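Colleague: Using only what follows, build the 3D model:
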Amino acid sequence: MLTQTEREKLISLQKEADQDAQEAQRQIAKLQAQLKQTQADREKLVYLKKEADQEAHAAEQQHANLQAQLKAIAPDTDHVHIDFSYTNNEFSIGLFDTQPGGQPAWAIRRHPNSKIAWTVPQDVTINSIKAKSGSDPLPIDVDPNAPGGQPGVPFKAKVKHDAGDPGDPSTKTYYYLIDVTYKAGTPSEIRLMIDPEMIINKP
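Modeller: Okay, here's the model as predicted:
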């Protein structure tokens, strides 16, 4: 039979054991809550990553669509062919990125240090190519071996290395004039000013 002292000691030990058990339960509950939060955070991160991937894919698709539209409107080409025709007193002009029937090149894209050539049939003379009045100067260096000036002679140039807008590293549009003289099947020479655009893309 236990003495009073032994009984009190057992009760004290039981109380401590109960407190330890309660503390252990609290720790378990806390860890479970943390685990649950971690799981929720993980699921949230997975969701956010999936959402970010979808947005990135949509942005890439939009960029591709814009590039396709820009290519259709302003081809990235180093050759503009100026085509003329005069039939039944009707006169027409076309600018193409290769030969007649190619992609229209009334607006073209070039890059710093890239080459560009304007070609014409044997009955057309390129007198000059320069910026429109009131527009920024056309950023090209003319090839002295092919400056136009004679029937059928091309006008060749190179885009300057610092072409474009320093404040905008992407694009800048230049409005320019092609001064040409045409004579083929007409009563007299016809002199025209053609009004296209050049877009400088960086890089």
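Colleague: Please make it C-alpha for all contacts and neighbour counts, starting now.
Modeller: Fine.
Colleague: now for whichever strand or helix holds residue 72, which elements pack on it?
Modeller: Under the criterion of DSSP states H and E, residue 72 resides in helix 4-73. Packing contacts for helix 4-73, counted by 3 or more C-alpha pairs under 8 Å, 6 or more residues apart in numbering; DSSP states H and E, involve no helix or strand.
Colleague: again, 10 Å this time
Modeller: For helix 4-73, the elements it packs on are strand 107-110, judged by 3 or more C-alpha pairs under 10 Å, 6 or more residues apart in numbering; DSSP states H and E.
Colleague: Next secondary structure after the strand it packs on?
Modeller: Using DSSP H and E, the next helix or strand after strand 107-110 towards the C-terminus is strand 115-119.
Colleague: what's that next one in contact with?
Modeller: The contact list for strand 115-119, computed with C-alpha atoms under 10 Å, 6 or more residues apart in numbering, reads 77-83, 95-99, 108-110, 125-126, 129, 140-143, 146-148, 152-160, 178.
Colleague: Could you rerun that using 7 Å?
Modeller: The contact list for strand 115-119 (C-alpha atoms under 7 Å, 6 or more residues apart in numbering) reads 78, 79, 80, 81, 82, 154, 155, 156, 157, 158, 159.
Colleague: what's the distance between the last one and residue 196?
Modeller: Spelled out, it's residue 159. According to C-alpha to C-alpha, to the nearest Å, residue 159 stands 16 Å off from residue 196.
Colleague: Output the longest strand belonging to this structure.
Modeller: Criterion DSSP state E: the longest strand present in the chain is strand 171-182.
Colleague: Right, I'll leave it there.
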